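Undergrad: Here is my input; please provide its structure:
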Amino acid sequence: MTATLQPAGPATTAGPAPTPGRRRPRSSAARQRIEIVLLVGPALILFLGFVILPVILAAVYSLYNLPPAFRWEQLAEPDRFIGLANYQRAFDSPEFVRAIGNNFIILFASLLIQGPLAIGIALLLNRPLRGRTALRLLIFVPYVLAEVIAGLAWKLLLQPSGGVNAMLESLGLGFLQQNWLADPSIALWTLFWILTWKYLGFAIILMLAGLQGVPEELAEAAAIDGASWWQIQRHITIPLLGPTIRIWAFLSMIGALQLFDMVWVTVAPTVRGMATETMATYMVQQGQFAGQPGYGSAIAVILFFISLAVALIYQRLALRRDLAGAVTRGVR
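TA: Numbering: from 1, shown residues only. You can find the predicted model right below:
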């Protein structure tokens, strides 16, 4: 009996056999597109309908001399189209030029006064302090109040016979009593005080949130090296707080340019026209109450482009470093 040798079979390896790469089925790609449309579509429709479309309509209306209650077909009337006359009228108006100046006064005052105040108070509240949580709550309360409620409250307190003058009289400081909201020489700064009281809490909370991202190890190392508390804040904490400060400054600038409700509610129309008019209040006064929708639309377009220009310039000069890593391209 003879044995026969069989040829050796192919070598086998442990584990599953490799499978060639497969393309993603078309149904999966189509499903992703449908999900994107369903998720983005409603927000995009709202953005187009409530932001882009009003801007386009305002730009169209600004080229016409329109009656208070106009119809769309009136745009076709030959004597309605006046081109850029509304814009020329706006820049020739001393009231509107003053309103632009008031907006920028509030803008720079906010940056120069509210910013340092918010940083200083946030640094103090970031230290171990008894009742720190209650102080944070009290500081933030004015911000959550509605602008109308806060404006009416201050309007009553600042009346000639209101609570502020009564308090000054009781403290023996009657010589400081003023017609705070009726005197054109101080009405704008009185308004700025109200705005500071209203919005300082938001700035402080924003700074406190930014301080939570500052590593404590850096301050401890600097303290070991002999740095004082002020030196630590100046050379370590505040520089690391820079992105938060720049974001707050951007929000404050846009808010100052678009300021409307607190001015409208707090200051009487006569004083507002002489001292505290802003671009937004002037727009509503002329466009709605004076019955000039075309002229009011021109003011709205000017306000839009001033805000856009300030935002783009600030982004280019100040936010460029912060946004450098925020916009990313697709990962390959």
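
Undergrad: could I get stretch 46-57 in PDB with only the CA atoms?
TA: Coordinates of each C-alpha in stretch 46-57 appear next as PDB, following Å, rounded to 0.1, in the frame of the first residue of the first chain:
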ATOM      1  CA  LEU A  46     -37.700  83.000   8.100                       C
ATOM      2  CA  PHE A  47     -34.300  84.700   7.500                       C
ATOM      3  CA  LEU A  48     -35.200  85.600   3.900                       C
ATOM      4  CA  GLY A  49     -38.700  86.700   4.800                       C
ATOM      5  CA  PHE A  50     -38.000  88.800   7.900                       C
ATOM      6  CA  VAL A  51     -34.500  90.100   7.200                       C
ATOM      7  CA  ILE A  52     -33.500  90.100   3.500                       C
ATOM      8  CA  LEU A  53     -36.900  90.900   2.100                       C
ATOM      9  CA  PRO A  54     -37.600  93.900   4.400                       C
ATOM     10  CA  VAL A  55     -34.100  95.300   3.500                       C
ATOM     11  CA  ILE A  56     -34.900  95.000  -0.200                       C
ATOM     12  CA  LEU A  57     -38.300  96.600   0.200                       C
END
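
Undergrad: Please work out the average pLDDT along that stretch.
TA: For stretch 46-57, mean pLDDT rounds to 92.

Undergrad: Strands along this protein, start to end?
TA: Ranges of strands within the chain: none, based on DSSP state E.

Undergrad: how close does residue 155 get to residue 109?
TA: 21 Å (CB to CB, to the nearest Å). Any C-beta I mention is one placed from the backbone N, CA and C, and that applies to glycine too.

Undergrad: quick one, domains of this structure?
TA: 32-61, 102-266+307-319 (automatic domain parsing).

Undergrad: Where does pLDDT dip in the chain?
TA: Filtered on pLDDT under 70, the chain yields the residue ranges 1-26, 322-332.

Undergrad: Can you lay out the domains of the chain as CSV showing distance to residue 67?
TA: Formatted as CSV, the domains of the chain follow (distance: least, CB to CB, whole Å):
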stretch, distance to residue 67
domain 32-61, 12
domain 102-266+307-319, 24
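
Undergrad: quick one, which of these is packed in tightest?
TA: Comparing the domains of the chain by mean neighbour count (mean count of other CB atoms under 10 Å), domain 102-266+307-319 ranks first with a mean of 16.

Undergrad: How far does it sit from its chain's centre?
TA: Its chain's average C-alpha position is 14 Å from that of domain 102-266+307-319, according to CA atoms, centre = their mean, to the nearest Å.

Undergrad: quick one on the thing from earlier: so which of the domains of the chain is nearest residue 90?
TA: domain 32-61 (13.1 Å; CB to CB).

Undergrad: What is the end-to-end distance of that closest one?
TA: End-to-end distance of domain 32-61 (CA to CA, to the nearest Å): 41 Å.
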